[in-house]
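**Q** Coordinates only, no sequence provided:
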Ligand SMILES: NC(=[NH2+])NCCC[C@H](N)C(=O)O
């Protein structure tokens, strides 16, 4: 399959997803350390994920490839894939203890391998366990303790490990330690599927797919807490195939003090900006106006700075797009994180319950740290009252029909707790 995406509004053909599994349980033990926004029900989150897949497949005819199932099928069909999975899983497991016991544990792991199913090894990759084989006790047994080590709790945000450009997939490099191992796993999937890789971002560069937006003749690349300047330049070096690139600088949030910023609230470009159709985008107006943008033009030697700087808002308007504006509370509630399935049709988070959950989580944060979150909370509460009085809760806003946009709302009040919406949860592989 050839991966290829020129514009975010072209008909969505193929996506890859990961239905969250046991790794989410570990993430929920300490949601903030796992980069989640809040605690939520894993059971409901998994149901919501099923519904997301079903909608894509049945209502929009999208081919949905599931990461785990595809890898396991391949491992069960092809002994070489199975061997790689087993070896890699064994390398991932750390065994601690004295030399003899470690060697013994390693030996028995190897001996047991044939008896174990491929899912066992996939689970090792997800959980990255440390096995502590203690000294032999009085009874002669070995004391085994298992510690989870950076379980891949965010793997279901499959937008981020890579980006599909017009020229193939660019494998990213996550900025956060918690997500560092994810691209190796998704890369295994691309190899199994035979998808060509246009390039791989290397240290010190960082690059996450949520920062990339293909817009036809041009594309946008966000930089900030996730994608750094070096990662963005490497990405451009892979010749992604657009005449012009807008490098967008992650804006500081206007209601969070500048000396104590919270980069999570707009961590990726797709958390405050997105595409609804060939002439319509949506986003938080205040963030779009604060986001500075540098224009680069394609030349023989790559992309040259044009010297022109502007804001994302002015840039996108100058390209002829209309902007459906979102309030700050809507932005915090994942309203901008829509997934365009065909020109003028989007999947969007059903706002009502998410907004209330986000508000009560923000209340808690503001109670703990009023100096950092107090202003944001007061503003969000005002937004909430205004939205309630107006009677148009996202995505049931008249602006959408006015711009001819058809919206398919999805209940994602648990799954969004991981800090993202439908755009973050899907890796687009083919459009058009
Ligand atoms: N494309 C996105 N906006 N992805 C959201 C990723 C959320 C994830 N918890 C993280 O912090 O990395």
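**A** Thanks, I have it. Everything numeric here is computed off the predicted structure, so don't read it as measured data. Residues are numbered from 1 along each chain as shown.
**Q** pretty sure residue 313 contacts residue 292?
**A** No. Residue 313 is beyond contact range of residue 292, at 10.5 Å (criterion: CB atoms under 8 Å). (C-beta placed from N, C-alpha, C; glycine too.)
**Q** Looking only at neighbour counts, state which of those two leads.
**A** residue 313 (21 against 14; other CB atoms under 10 Å).
**Q** How about the residues of the protein by the ligand?
**A** Contact residues, the chain versus the ligand (CB under 6 Å from any ligand atom): 35-36, 154, 157, 159-160, 179, 210, 267-268, 270-271, 418-420, 424.
**Q** Which of those fall in helices?
**A** Of the residues of the chain next to the ligand, none are assigned to helices by DSSP state H.
**Q** Closest one to residue 378 out of those, please.
**A** residue 271 (21.6 Å; CB to CB).
**Q** ok, for the residue in the stretch 251-400 of the chain that the ligand sits nearest to, nearest residue in space, not its chain neighbours?
**A** With CB to the nearest ligand atom as the measure, residue 268 is the residue of the stretch 251-400 of the chain nearest to the ligand, at 3.9 Å. In this structure, residue 268 finds its nearest non-sequential neighbour in residue 210, 3.1 Å apart by CB to CB, 6 or more residues apart in numbering.
**Q** do residue 432 as well
**A** residue 10 (4.3 Å).
**Q** Tally up the residues packed near the one you found, please.
**A** Residue 10, neighbours per other CB under 10 Å, totals 19.
**Q** before we move on, what SS does it have?
**A** coil (DSSP: H, G, I helix; E, B strand; the rest coil).
**Q** How about the one 3 residues further on?
**A** Following three-state DSSP, the label given to residue 13 is strand.
**Q** Pop out the phi and psi values for residue 110.
**A** Backbone geometry at residue 110, expressed as degrees, to the nearest 10, gives phi -60, psi -40.
**Q** Quick check: pLDDT value at it.
**A** Model confidence at residue 110, given as pLDDT, is 94.
**Q** From the ligand, how far out is it?
**A** Per CB to the nearest ligand atom, to the nearest Å, residue 110 is found 35 Å from the ligand.
**Q** Report the contact partners of that residue.
**A** Residues near residue 110 by CB atoms under 8 Å, 6 or more residues apart in numbering: residue 90.
**Q** any idea how far the residue nearest to residue 241 when sequence neighbours are not counted is from the ligand?
**A** Spatially, and ignoring its direct neighbours in sequence, residue 241 is nearest to residue 166 (3.6 Å; CB to CB, 6+ apart). The spacing between residue 166 and the ligand, counted by CB to the nearest ligand atom, is 20 Å.
**Q** likewise residue 187?
**A** Taking CB to the nearest ligand atom, one finds residue 187 at 18 Å from the ligand.
**Q** same deal with residue 206?
**A** 12 Å.
**Q** need the contact list for that residue.
**A** Residue 206 neighbours (CB under 8 Å, 6+ apart): 172-175, 226-228, 230-231.
**Q** Which pair of the residues you listed spans the longest distance?
**A** Among the contacts of residue 206, 174 and 230 lie farthest apart (CB to CB), at 14.0 Å.
**Q** What count of nearby residues applies to residue 309?
**A** Count around residue 309 with other CB under 10 Å applied: 13.
**Q** To clarify, my last question referred to residue 349.
**A** 28.
**Q** Residue 112 too?
**A** Around residue 112 there are 10 residues (other CB under 10 Å).
**Q** residue of the stretch 101-250 of the chain with the smallest distance to the ligand?
**A** For the stretch 101-250 of the chain, CB to the nearest ligand atom, closest residue to the ligand: residue 210, 2.4 Å.
**Q** Which per-residue confidence value corresponds to that residue?
**A** pLDDT at residue 210 comes out at 98.
**Q** again with residue 135
**A** 62.
**Q** list the contacts for the closest residue to residue 177 other than its chain neighbours?
**A** Leaving aside its sequence neighbours, residue 177 sits nearest to residue 150 (CB to CB, 6+ apart; 7.0 Å). Residue 150 makes contact with 128, 177-178, 180-181, according to CB under 8 Å, 6+ apart.
**Q** what's the helix or strand for residue 150?
**A** For residue 150, there is no enclosing helix or strand under DSSP states H and E.
**Q** Around residue 13, how many other residues sit close by?
**A** 17.
**Q** same thing with the one 5 residues further on?
**A** Neighbourhood size, residue 18 [other CB under 10 Å]: 27.
**Q** Now for the residue nearest to it when sequence neighbours are not counted: which residues touch it?
**A** Excluding the flanking residues, the one nearest residue 18 by CB to CB, 6+ apart is residue 67, at 4.2 Å. Counting by CB under 8 Å, 6+ apart, residue 67 touches 16-18, 155, 158, 185-186, 189.
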